[in-house]
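*Asks:* Build me a model:
(one chain, ligands or ions: 1)
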Amino acid sequence: MSSKVFKLIEKEKKRQLIGLEMIPSENYVSSDVLKALGSILTNKYSEGFPKARYYGGNEVIDKLEIYAQNLANKLFGTKYAFVQPYSGSPANFAATMAVCDPGDVVMGLALSSGGHLTHGANLSFSSIFYKAVNYTVGKDWKINFEELEDLAKKHKPKLIWAGTTAYPFKLDYSKFRKIADEVGAWLVADISHISGLIVGGVHPSPVKYVDLITTTTHKTLRGPRGAMILVTDRGYKKDPEIKGKIEKAIIPGLQGGPHNHQTAAIAVALEEALKPSFKRYAKQVVKNAAVLAAELGSKSENHLILLSLESYGYGMGYQGQVALEAAGITINKNTIPGEPVSPFYPSGIRLGTPALTSRGMKEKEMVKIAGWIKEVLEEIRGLDLPKEQELRKEFIKSVKVKMKKNPKLKKIRQEIAKFASKYPVPGIDS
Ligand SMILES: Cc1ncc(COP(=O)(O)O)c(C=O)c1O
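*Replies:* Numbers count the residues shown, from 1 in each chain. Next up is the predicted model:
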């Protein structure tokens, strides 16, 4: 037994139990999901798809994968489901490969406006192998559909992404559809962040409007790390050959053998998401985010809050992340729309409620947590990022040391540890 690895796991368990995990793309999976993920299914090679494998011995695995596919189609109301993508980024690569040739134009929301890397950001496959065009959000931080339409008419994309990673508002998929139809583009919804909210009935579903859907399984959907590609009836009508094209993109296009333990854990999570209790969970996630946002002087229509820290000083995102972490609150620094400073030293933070809600926290707890967040942020007021780029690394190092020693943050950390330990985490004994 590797004592080093298991000691580190115990340490991480403690961190997850006594802290407040508020990164909006994270969650706590159930004990059953953990059990499936840690099962002997990891031993098996199954390249190919159900009933068409390159290896023998896949009778059980075939049943498992078909079961997971059926659950996904039932839950989302789609025609085909692919559960093998290793994670969200390869799923997006496979979806792009299935409908585009290298060099085709793909359009997605800019990273600095809350889009994802795989939707056409610099250095991502999506701009290396395809011609990427980015649309942005307006002054109200909402998607600028006029700009999207102008860009689409000008560049004639083959694929338009409707998906976000740091965007606190609901999406109106009918607006994307209208533009995609004007230029004949494939419309793909990347619902990674909001899939749990969609199946929980608290965010509009894209199924009626889009051709394909991609989603990670480990965010609001509360499954293991993994991803799915879904084909809607509309997508099938657009190209009746689409199933084979997606399969070919997954393997041999991008991947080898599927992670069968992951498929099993996805199936368990989908079973859980079909239960009425999951609807209650999704509803509470949104309620909690709305309360938290209001307490912090912001707004949220989903599970996350994008908070500008400009009122605390210049380039404060990093300092905010460091100070909150010192107090036991895990969030991430984030650019704000029209980021005035830098993607590496941004002006905002992103936080969310999926993981806290899985621990049973409600509105009352959000008010308490918002109070701590505000107290912590006061400790960084005026700690402006140096304007000179060469001084920034050292500055952040010194902020880390300062925040670790800060008596106020130490006190809050103790209060939070006591508070958080009362809320159970599956797979972790308190
Ligand atoms: C919208 C969106 N798509 C795709 C991904 C990529 O997922 P993964 O990190 O599993 O590759 C993310 C992850 O943050 C995301 O937010």
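
*Asks:* Going by C-alpha atoms from here, please, whenever you check contacts or count neighbours.
*Replies:* Will do.

*Asks:* ok now stretch 5-22, how far from the chain's centre?
*Replies:* 21 Å (CA atoms, centre = their mean, to the nearest Å).

*Asks:* Tell me which residues touch residue 113, please.
*Replies:* When contacts are counted by CA atoms under 8 Å, 6 or more residues apart in numbering, residue 113 touches 136, 137, 141, 166, 167, 335, 336, 337, 338.

*Asks:* show me what contacts the first one?
*Replies:* Contacts here follow CA under 8 Å, 6+ apart; on that basis residue 136 touches 109, 110, 112, 113, 143, 144, 147, 148.

*Asks:* which stretches of the stretch 1-150 of the chain have low pLDDT?
*Replies:* 1 (pLDDT under 70).

*Asks:* for the ligand, what are the nearby residues on it?
*Replies:* 87, 88, 89, 116 (CA under 6 Å from any ligand atom).

*Asks:* Narrow those to those in strands?
*Replies:* Members of those lying in strands (criterion: DSSP state E): none.

*Asks:* Quick check: next helix or strand after the host helix or strand of residue 14?
*Replies:* Using DSSP states H and E, residue 14 sits in helix 3-18. Beyond helix 3-18 on the C-terminal side, the first helix or strand identified by DSSP H and E is strand 20-21.

*Asks:* List the strands paired with that following strand, with their directions.
*Replies:* strand 329-330 (parallel) (DSSP bridges).

*Asks:* Give me the contacts around the partner strand.
*Replies:* Residues contacting strand 329-330 (CA under 8 Å, 6+ apart): 19, 20, 21, 22, 23, 321, 324.

*Asks:* strands paired with the helix or strand that comes right after it, and their directions?
*Replies:* Sequence-wise, the next helix or strand downstream of strand 329-330 (DSSP H and E) is strand 332-334. As defined by DSSP bridges, the strand partners of strand 332-334 come to strand 348-352 (antiparallel).

*Asks:* Name the nearest residue to the residue of the stretch 201-350 of the chain found nearest the ligand, ignoring sequence neighbours.
*Replies:* Distances between the stretch 201-350 of the chain and the ligand by CA to the nearest ligand atom are smallest at residue 216, namely 5.7 Å. Spatial nearest neighbour of residue 216, chain neighbours left out: residue 227 (4.0 Å); criterion: CA to CA, 6 or more residues apart in numbering.

*Asks:* give the contact list for that neighbour.
*Replies:* 83, 84, 85, 86, 87, 88, 91, 214, 215, 216, 217, 218.

*Asks:* Tell me the one among those residues nearest to residue 376.
*Replies:* Of all the contacts of residue 227, residue 218 has the smallest distance to residue 376: 28.8 Å, by CA to CA.

*Asks:* give me the number of residues near the closest one?
*Replies:* 25 (other CA atoms under 10 Å).

*Asks:* you'd agree it is up against residue 195?
*Replies:* No. Checked against CA atoms under 8 Å, the pair residue 218 and residue 195 is beyond contact range at 9.7 Å.

*Asks:* between the two, what contacts are shared?
*Replies:* Counting by CA under 8 Å, 6+ apart, nothing touches both residue 218 and residue 195.

*Asks:* Next, the buried residues of stretch 363-382.
*Replies:* 363, 365-367, 369-370, 372-373, 376-377, 379-381 (16 or more other CA atoms under 10 Å).

*Asks:* Rebuild those residues as TSV, extending it with pLDDT and secondary structure.
*Replies:* As requested, these are exported to TSV (pLDDT from 0 to 100; DSSP: H, G, I helix; E, B strand; the rest coil):
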residue	pLDDT	secondary structure
363	98	helix
365	98	helix
366	98	helix
367	98	helix
369	98	helix
370	98	helix
372	98	helix
373	98	helix
376	98	helix
377	98	helix
379	97	coil
380	96	coil
381	97	coil
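
*Asks:* which parts of the stretch 201-350 of the chain sit against the ligand?
*Replies:* Residues of the stretch 201-350 of the chain lying near the ligand (CA under 6 Å from any ligand atom): residue 216.

*Asks:* Where do the helices of the stretch 201-350 of the chain begin and end?
*Replies:* 233-238, 242-248, 260-273, 276-295, 317-326 (DSSP state H, counting those that start in this stretch).

*Asks:* one step back: show me how to select, in PyMOL, the buried members of the contacts of residue 113.
*Replies:* The command below creates a PyMOL selection of those among the contacts of residue 113 that count as buried (16+ other CA under 10 Å):
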select buried, resi 136+137+141+166+167+335+336+337
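
*Asks:* For the residue of the stretch 201-350 of the chain closest to the ligand, which residues are in contact?
*Replies:* 87, 88, 191, 192, 193, 225, 226, 227, 228.

*Asks:* Pull the residues that contact stretch 370-378.
*Replies:* With CA under 8 Å, 6+ apart, stretch 370-378 has contacts from 292, 295, 296, 312, 320, 323, 324, 327, 409, 412.

*Asks:* which one of the contacts of strand 329-330 has the most neighbours?
*Replies:* residue 324 (27 neighbours).

*Asks:* From residue 149, how far off is that residue?
*Replies:* 40 Å (CA to CA, to the nearest Å).

*Asks:* Same check on residue 365?
*Replies:* From residue 365 to residue 149 the distance is 42 Å (CA to CA).

*Asks:* Please apply the same query to residue 403.
*Replies:* For residue 403 relative to residue 149 (CA to CA), the value is 46 Å.

*Asks:* With residue 282 instead?
*Replies:* From residue 282 to residue 149 the distance is 32 Å (CA to CA).

*Asks:* now residue 307
*Replies:* Residue 307 is 28 Å from residue 149, by CA to CA.

*Asks:* Which of those two has more residues huddled nearby?
*Replies:* Set side by side, residue 307 and residue 149 show more neighbours around residue 307, with 22 against 19, by other CA under 10 Å.

*Asks:* Show me what that one bridges to in the sheet.
*Replies:* residue 349.
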